[in-house]
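J.: have a look; sequence and predicted model below, questions after that.
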Amino acid sequence: MRRPRPVPFRRARRSVARGATLMMLACGAGHAAAAVATAEAEAACSWPQYEAWLARVVQPDGHAVDASTPQLQTTSEGQSYAMFFALVANDRPSFDRALQWTRANLSGGRFGPDEARLPAWQWGRREDGSFGILDPNSASDSDLWIAYDLFEAGRLWQEARYTQTARALLSQIRANETADLPGLGPVLLPASHGFFQNGLARLNPSYTPVFVLRRLAQEDPQGPWSAMAASTVEMIRIVSPHGFVPDWVGFHVGQGFVVDPVKGDVGSYDAIRVYLWAALLPSADPLAARLLGTLGGMRSVIDANGAPPERVATVTSAAQGNAPVGYWGALLPYLRALNDPQAVGLAQNHLAGDFAQARYYDRALALFGTGAAEARYRFDTRGRLEPRWEGACQSANAR
């Protein structure tokens, strides 16, 4: 067998050096490609509207301020949304700050695994200039969302304390903010007191997203949550004869639904969320098609007029006013679910505008709507949150 010729030392050294150089170039190219891939992932997974929400609405200590109100109010609703968006963004520090502020300022420090006092719904500047609770009554939609946020934070971030606090809160919601109405079934009362008197219950159709109820039913299968999902959809069907939902409705035990004695039949800033929640419900949910099929009125008026109205008289379908930009955010998933590309384009054009002066509520609706449309999150048929960061964005979005 022919032996290979020996390589002179100097030539071998040049060969090794050349090989090392090529290896370094290859490694450099690999690092460059990895850096480009990381930059692309970060760009794809960044959430500019969330960053604007933090900068414009959420204070460094974790409370969301509605600067359009004279009291510079913070509501339990705002806190529940701040926690949800932080969870979608995988922003645990912001989640914890919002939770801690809520515990200290809305629940008197009594908000943890062993005890969860229902948060006061409104905090802000008092007449004497000091800041504190303005109305100690609860707001059940916010409480429901906070419980949901905590359950999902416990599951996604694998933190038992969140889950335990959620269970303590859910027990309080069940005991103080629900009722079983003959002829309708279990409902969520808007607060712990003041909304069920003399056989008349005042209800808000936007307070009970079906996907939230699905998730709560997983944690509390003996509770009213599954039946409440069915009664919610039935309520919306009955009170929306022209496909428009009212903000508030009345239910007389023994008589059924009536126009709300306080707010009337108007559908506006509360009801706009019903279209959003309906569109976020997975199509495979048994109630999804029925719920979405009840809500055709808003699509019809947009197709006819090129814009949603600010207010609708739901009994007659008379519309008035120009909707703020937040309505377009709430309606974007709804219009996508109804496969209306022209209306979707209108919504996207409006949402592409400047949000520099947008108020808290418009920003919240836009984050819900555009976040879903951009596939930053979705819900499964059990109501579980599926954030994008569970996959490709996990490392890019971790804070």
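T.: Arrived safely, thanks for sending.
J.: when you work out contacts or count neighbours from here on, use the C-alpha atoms and nothing else.
T.: Fine.
J.: could I get the full set of helices for the stretch 1-150 of the chain?
T.: All helices of the stretch 1-150 of the chain, identified by DSSP state H, counting those that start in this stretch, fall at 9-45, 48-56, 76-88, 92-106, 140-156.
J.: and the stretch 201-350 of the chain, by the same measure?
T.: Using DSSP H, counting those that start in this stretch, the helices assigned to the stretch 201-350 of the chain run over residues 210-219, 225-239, 272-280, 288-293, 296-305, 325-337, 341-351.
J.: now do the buried residues in the shortest one.
T.: The neighbour-count criterion (16 or more other Cα atoms under 10 Å) identifies 288, 291-292 as the buried residues of helix 288-293.
J.: can I get these in CSV with pLDDT and distance to residue 157?
T.: Formatted as CSV, the buried residues of helix 288-293 follow (pLDDT from 0 to 100; distance: Cα to Cα, whole Å):
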residue, pLDDT, distance to residue 157
288, 98, 29
291, 98, 32
292, 97, 32
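J.: how about JSON lines for those residues, with distance to residue 256 added?
T.: Formatted as JSON lines, the buried residues of helix 288-293 follow (distance: Cα to Cα, whole Å):
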{"residue": "288", "distance to residue 256": "24"}
{"residue": "291", "distance to residue 256": "20"}
{"residue": "292", "distance to residue 256": "23"}
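J.: circling back: the helices of the stretch 1-150 of the chain: lowest mean pLDDT?
T.: Of all the helices of the stretch 1-150 of the chain, helix 9-45 carries the lowest average pLDDT, namely a mean of 47.
J.: stretch 213-227: end-to-end distance?
T.: End-to-end distance for stretch 213-227: 9 Å, by Cα to Cα, to the nearest Å.
J.: same question for stretch 319-333.
T.: Distance across stretch 319-333, first residue to last, is 22 Å (Cα to Cα).
J.: where does the chain have low pLDDT?
T.: Applying pLDDT under 70 to the chain flags residues 1-44, 354, 392-399.
J.: go with 90
T.: With pLDDT under 90 as the threshold, the chain has low-confidence stretches at 1-45, 353-358, 390-399.
J.: about what we covered before: same list (the helices of the stretch 201-350 of the chain) but as CSV, adding distance to residue 85.
T.: Output for the helices of the stretch 201-350 of the chain, formatted as CSV (distance: least, Cα to Cα, whole Å):
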stretch, distance to residue 85
helix 210-219, 15
helix 225-239, 23
helix 272-280, 15
helix 288-293, 24
helix 296-305, 26
helix 325-337, 15
helix 341-351, 18
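J.: for residue 253, find the nearest of these.
T.: Among the helices of the stretch 201-350 of the chain, the nearest to residue 253 by Cα to Cα is helix 225-239 (13.8 Å).
J.: for the closest one, which helices and strands make contact with it?
T.: Identification of packing neighbours for helix 225-239 by 3 or more Cα pairs under 8 Å, 6 or more residues apart in numbering; DSSP states H and E yields strand 185-188, helix 210-219, helix 288-293.
J.: list the contacts of that helix.
T.: 184-188, 205, 208-210, 213-214, 216-217, 245-246, 249, 257, 287, 290-291, 294 (Cα atoms under 8 Å, 6 or more residues apart in numbering).
J.: so which bits of it are buried?
T.: 225-237, 239.
J.: dump those into TSV; add distance to residue 381 as well.
T.: TSV is the format used below for the buried residues of helix 225-239 (distance: Cα to Cα, whole Å):
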residue	distance to residue 381
225	14
226	12
227	16
228	16
229	13
230	14
231	18
232	17
233	16
234	19
235	21
236	20
237	21
239	26
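J.: ok, so of these, who is nearest residue 60?
T.: Of all those, residue 60 sits closest to residue 225, with 35.0 Å by Cα to Cα.
J.: rewinding a little: buried subset of the contacts of helix 225-239?
T.: Neighbour counting with 16+ other Cα under 10 Å marks 184-188, 205, 208-210, 213-214, 216-217, 245-246, 249, 257, 287, 291, 294 as buried within the contacts of helix 225-239.
J.: what number of residues lie near residue 50?
T.: Other residues near residue 50 number 20, with proximity taken as other Cα atoms under 10 Å.
J.: so it sits against residue 367, correct?
T.: Yes: between residue 50 and residue 367 there is a contact under Cα atoms under 8 Å: 6.9 Å.
J.: give me the common contacts of the two.
T.: Taking Cα under 8 Å, 6+ apart as the contact rule, residue 50 and residue 367 both touch residue 85.
J.: beta partners for residue 386?
T.: residue 378 (DSSP bridges).
J.: that one against residue 378, yeah?
T.: Yes: applying Cα under 8 Å, one finds residue 386 in contact with residue 378, separated by 5.2 Å.
J.: number of residues surrounding residue 262?
T.: There are 10 residues near residue 262, going by other Cα under 10 Å.
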